[in-house]
Each structure stands twice: as C-alpha cells, then as structure tokens.
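Novice: return atomic coordinates for the entry below.
(one chain, ligands or ions: 1)
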Amino acid sequence: MSDSLERLYLAVLAARDLDPATSRTARLFQRGPSKMAKKLAEEAIEVVIDAVNGDTDAVIRESADLLYNLTVLWASAGVRPEDVWREMTRREDMLGIAEKLPKSSMKLPKVAAPRGAARRPIVALEGRTARKRH
Ligand SMILES: N=c1c2ncn([C@@H]3O[C@H](COP(=O)(O)OP(=O)(O)OP(=O)(O)O)[C@@H](O)[C@H]3O)c2ncn1[C@@H]1O[C@H](COP(=O)(O)O)[C@@H](O)[C@H]1O
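Specialist: Now for the predicted structure:
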C-alpha cells in the first residue's frame, strides 16, 4: 500500500502547479490548507457513514478519496510519506502495536495469556505524552 501512496503523493506534487480549472489537486492547493482539511474531514465522515451502513464497496471508494485528500494535506504541510512510515516503524519497534491505557486507571486489564503462550510484556504507556518523547 505504501507504494501506491508514494506514487499518489508524487502525482499530487506534480499536479500542484497545474491549471486549477482542470486539476482538482491544483484547485485544492489554490484554496489552501483549510479547504484541504475540510475535504479530508468530509471524506473521513463518508467512510464512517458507509462503514456503519455496512456498505463495503462504498467504504473502499471513500477510503481511496480519503487517502487522496490526506496526501494532498501532507504535501501542503511539508510531510512526506516516508516521515509517516518512520513514525509507524518507531511505534512498532517500541511497543508492537502500542496500546492506549484505559483512561479509567493505570491498572492494565487482566488478560489471560493463550494457553502455553509466552506472555509479551505489556509496557504501560503513561498516556499521550509517552508518544511525544523522542
Ligand atoms: N487520486 C486522486 C483522487 N481520488 C479522489 N479524487 C477526487 O476527489 C473527489 C472526492 O470526492 P468528493 O465527493 O469529495 O468530490 P466531489 O463530490 O466532486 O465534490 P467536491 O470535492 O468538488 O466538493 C472526487 O471528485 C475524486 O475525483 C481524486 N482526484 C485526483 N486523484 C489523483 O491526483 C492526481 C492529480 O489529479 P488532478 O487533481 O486531477 O490533476 C492524479 O494522479 C489523480 O489520479
């Protein structure tokens, strides 16, 4: 998937300076980050609505629109796909798929390890600030 996103990101960069009358991407750049953010939010809501309605095909279509609008916003914000992949790898290396602590308490829920499986040590995240520490 990252290859597709990287190709799309390069296409978005290439379209940025095209004629806004014929290029949606150029039009989004002309209208600026707030319009990009609005479109991204709209697409996210469309994905949510289609998922709740169980419309799998629509979720696929709207997810592609969401990822397009996300790459446009990345380009506008000076974020490259590899910046995001690096952060995802950092989190995976640090804690596997980092779990957020339940807000209610720092106690971790008692989860019975699968029979015979060696328990993976669960490292408590203090909360959102833990992610920010570089
Ligand atoms: N990957 C995409 C892509 N995905 C979705 N979209 C457009 O984004 C819109 C998202 O759906 P919306 O319902 O929000 O759009 P809409 O209903 O037309 O309403 P408005 O956005 O006009 O308000 C659709 O109209 C899609 O055509 C895309 N437009 C362009 N690209 C790629 O971006 C590159 C540059 O293309 P241009 O922007 O056409 O130069 C090319 O590689 C394109 O393939």
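Novice: which bits of this protein sit near the ligand?
Specialist: 8, 11-12, 15, 18, 23-25, 39, 42, 64-65, 68 (Cβ under 6 Å from any ligand atom). (C-beta placed from N, C-alpha, C; glycine too.)
Novice: just the ones in strands from those residues, please.
Specialist: Nothing among those maps onto strands, per DSSP state E.
Novice: from the residues you listed, which is closest to residue 74?
Specialist: residue 12 (8.2 Å; Cβ to Cβ).
Novice: contact partners for that closest one?
Specialist: Taking Cβ atoms under 8 Å, 6 or more residues apart in numbering as the criterion, residue 12 is in contact with 25, 68, 71-72, 75.
Novice: show me which pair in those residues is furthest apart.
Specialist: Top of the distance list for the contacts of residue 12 (Cβ to Cβ): 68 and 75, 11.0 Å.
Novice: and the residues of the chain next to the ligand, which are buried?
Specialist: 8, 12, 15, 23, 25, 39, 65, 68 (16 or more other Cβ atoms under 10 Å).
Novice: give me the nearest residue to the fourth one, chain neighbours excluded.
Specialist: Nearest in space to residue 23, with sequence neighbours left out and distances taken as Cβ to Cβ, 6 or more residues apart in numbering, is residue 15 at 5.0 Å.
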